[in-house]
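1. Please find the sequence and the predicted model below.
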Amino acid sequence: MRKLLERYPVGSVLLLVLVCLSPFMGLRDITPANELRYLSIVDEALRDGHLFAFYNHGVPYADKPPLYFWLLMACKRIFGGHCIYLLSLLFSFLPASVVTVVMDRWVFGAHRDASSRERATMALLLCSTGYWLSLSLFLRMDMLLAMFIVLALYAWHRDKPWLFALFTFLGLFTKGLVGLLMPPLTVAVYALSCRLHTPGHPRQHAMKFLGWRFLLLVGGCSAIWFFFAWREGGAAYLDNLLFHQTVDRTFNAFHHKEPFWFYLTHIWPVMVPWCLLVIPACVASLCQRGTTAAPQTEDERTEKIFRCAFFTTLVMLSCSSSKLPVYLLPVFPFAVCLVPLYIRRTGWKRWMAWAVGSGGLLACVIGLGWALLPFYFFKIPALAPYSFATSPWMAVPGAFLVCGGVATLILSYRDKKLDAIRPLAVAVPAFFLALAPMIPEGNEYLGYRSLCRDIPEDVPVYVYGVRRPENMDVFLGRSVIVLQEDAAIPSDGVFIARLPFNAPALEGRDCHVHGKNAIWLPDASTASQD
């Protein structure tokens, strides 16, 4: 076993993370925010035979390109249904694993003498960082986008222009403009950041990748996509895709509109518990002397590429009007993996030990609060609806965090350098493993699967006040009727509402509570008449 770990350090880390996350992925429900909507769009596309123009209950959905939907459609065709574990594994965890393996080769490829310990530590650092681990569990396009961006820039690093153009287009085809802009901007900024008296290599090299090959492949494939989108959806759909979802969203967002400095404050919590290590290391790398000089060694070139990718993307995303913390995901691999390069060049600093120790201290505080939650549950009004939080089992995930945090604190105090992150980096995925037994009960609050099981077939379903209820058709196989605030409650079907909800028309009807929502079955007298 030890030889296996030494020979495949990154694979061992990914296997450990997969073992920890698999029970959570397999037991959890589909979340209504994005996952259920994506699956509803896929069902509608398969039913109507659409491949390029997508709709959500008849309303054009030009927000996202087709690639992710194609993958979901292929899975349903092959396996006959939507398996949330399989989808999370293929389109969230697998892309995260590909990124981890590529970054390992990128950082350590030129160092045949790199130890298994170093490689495993960097993989653990990435796999235990905030949103990166969370989005390895849930269905979003961001992880697939991050994979294509990393592959595009790695192809540039390995001097493969056609692959660079292909992966850039696939990034565009996954989630739009960020996938198109991030690789070329990184290449351009890297070339322009070299001093003017540097020989022409960086700029000529950049033009090799941003010239006719790039325009031919990306432009040609995009033209084919736009043609078929216009053919299926018409001019209005194409206008929505090209302008409303790009130009309007960039300069005057209709959703998630935030100020320019939004990411300067939100990048810290999404990189917990290593934010005080990763972000200062990136800033220190940027502020070093000779930033504008052409790199002399492979390590210097790689560090400069990571630095350009991180700061260029951060500025680019800040210039867009529409902002969400999850949009930062593509910068995670470059920011996190810049840390070992910076340490290799400058040596271990005392502030880094304090930064690692702060992550351990934060884990201790969060873990202790989590472990004590069942004992103080009734004193926190905001947690009142979540009855499963009273389970003594809640203390176990918290205990994992406390143990990992304490071990990391001790190792950082003993100045074990970057190795100090390992206990907490293992404890974070172990937290999700310990949380898995409570997922079935928590699913009542997470999604609509159990709620839909209580709904009889062949009766109308009326909904009021429930979040995104239209996508329940994934479970029901038919559409629901969303009622407005002043609408009368019909007695001929099932009525679903968010609690608390009271109405005289519901008196005497059989009621089932599912988390924050309740179902009132049809009136018995009406049902008997039918």
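-> Great, that's in hand. Numbering: from 1, shown residues only.

2. For Phe226, which non-adjacent residue is closest in space?
-> Leu238 (6.3 Å; C-beta to C-beta, 6 or more residues apart in numbering). To be clear about C-beta, it is placed using only N, CA and C from the backbone, and glycine gets the same treatment.

3. how about the helix or strand where that neighbour lies: buried residues?
-> For Leu238, the element it lies in under DSSP states H and E is helix 212-239. Buried residues in helix 212-239, counted by 16 or more other C-beta atoms under 10 Å: Phe214, Leu217, Val218, Cys221, Ser222, Trp225, Ala229, Trp230, Glu232, Gly233, Tyr237, Leu238.

4. pLDDT (mean, whole number) over it?
-> Helix 212-239 carries an average pLDDT of 94.

5. so what secondary structure elements neighbour it?
-> Packing contacts for helix 212-239, counted by 3 or more C-beta pairs under 8 Å, 6 or more residues apart in numbering; DSSP states H and E, involve strand 59-60, helix 161-175.

6. Would you mind pulling the contact partners of the last one?
-> Counting by C-beta atoms under 8 Å, 6 or more residues apart in numbering, helix 161-175 makes contact with 64-68, 141-142, 144-145, 148-149, 151-153, 155-156, 178-180, 182-184, 208-209, 213-214, 216-218, 221-222, 225, all of which sit outside it.

7. Which of those fall in helices?
-> 67-68, 142, 144-145, 148-149, 151-153, 155-156, 178-180, 182-184, 208-209, 213-214, 216-218, 221-222, 225 (DSSP state H).

8. Point out where the stretch 151-300 of the chain drops to low pLDDT.
-> Filtered on pLDDT under 70, the stretch 151-300 of the chain yields the residue ranges 195-205, 248-256, 289-296.

9. sorry, that was for the stretch 301-450 of the chain
-> For the stretch 301-450 of the chain (pLDDT under 70), the answer is 376-385, 387.

10. so what's Phe79 closest to, chain neighbours aside?
-> Leu86 (6.7 Å).

11. Kindly report the same for Arg213.
-> Of all residues not flanking Arg213 in the chain, Pro161 sits nearest, at 4.9 Å (C-beta to C-beta, 6+ apart).

12. do the same with Asn443
-> Nearest to Asn443 is Asp29, by C-beta to C-beta, 6+ apart, at 4.0 Å.

13. what number of residues lie near the one you found?
-> For Asp29, the count of nearby residues is 21 (other C-beta atoms under 10 Å).

14. Can I get the buried part of the contacts of helix 161-175 as one ChimeraX selection?
-> Entered in ChimeraX, the line below selects the buried ones among the contacts of helix 161-175, by 16+ other C-beta under 10 Å:
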select :64,65,66,67,68,141,142,144,145,148,149,151,152,153,155,156,178,179,180,182,183,184,208,209,214,217,218,221,222,225
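
15. now the strands for this structure?
-> 55-56, 59-60, 461-464, 481-482, 494-498, 511-514, 517-520 (DSSP state E).

16. Figure out how far the first one is from the centre of its chain.
-> A distance of 22 Å separates the C-alpha centroid of strand 55-56 from that of its chain, computed with C-alpha atoms, centre = their mean, to the nearest Å.

17. Show me the domain layout of the protein.
-> Recorded structural domains for the chain (assignment: automatic domain parsing) are 2-347, 369-446, 449-529.

18. Check the one residue sitting closest to the centre of the chain and give its pLDDT.
-> Nearest to the mean C-alpha position of the chain, counting by C-alpha atoms, centre = their mean, stands Leu135 at 3.4 Å. At Leu135, the pLDDT value in this model is 93.

19. what about it, distance to Leu145?
-> 11 Å (C-beta to C-beta, to the nearest Å).

20. contacts for stretch 227-239?
-> Taking C-beta under 8 Å, 6+ apart as the rule, stretch 227-239 contacts His50, Leu51, Phe52, Ala53, Pro60, Ala62, Phe226, Leu241.

21. export it as PDB, just CAs?
-> Provided in PDB are the C-alpha atoms of stretch 227-239 (Å, rounded to 0.1, in the frame of the first residue of the first chain):
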ATOM      1  CA  PHE A 227     -26.400  28.800 -37.600                       C
ATOM      2  CA  PHE A 228     -28.200  25.800 -36.000                       C
ATOM      3  CA  ALA A 229     -29.300  27.900 -33.100                       C
ATOM      4  CA  TRP A 230     -30.900  30.300 -35.500                       C
ATOM      5  CA  ARG A 231     -32.400  27.400 -37.500                       C
ATOM      6  CA  GLU A 232     -34.100  25.900 -34.400                       C
ATOM      7  CA  GLY A 233     -34.900  28.900 -32.400                       C
ATOM      8  CA  GLY A 234     -35.200  31.700 -34.900                       C
ATOM      9  CA  ALA A 235     -33.700  35.200 -35.000                       C
ATOM     10  CA  ALA A 236     -35.200  36.100 -31.600                       C
ATOM     11  CA  TYR A 237     -33.400  33.200 -29.900                       C
ATOM     12  CA  LEU A 238     -30.100  34.000 -31.700                       C
ATOM     13  CA  ASP A 239     -30.400  37.600 -30.600                       C
END
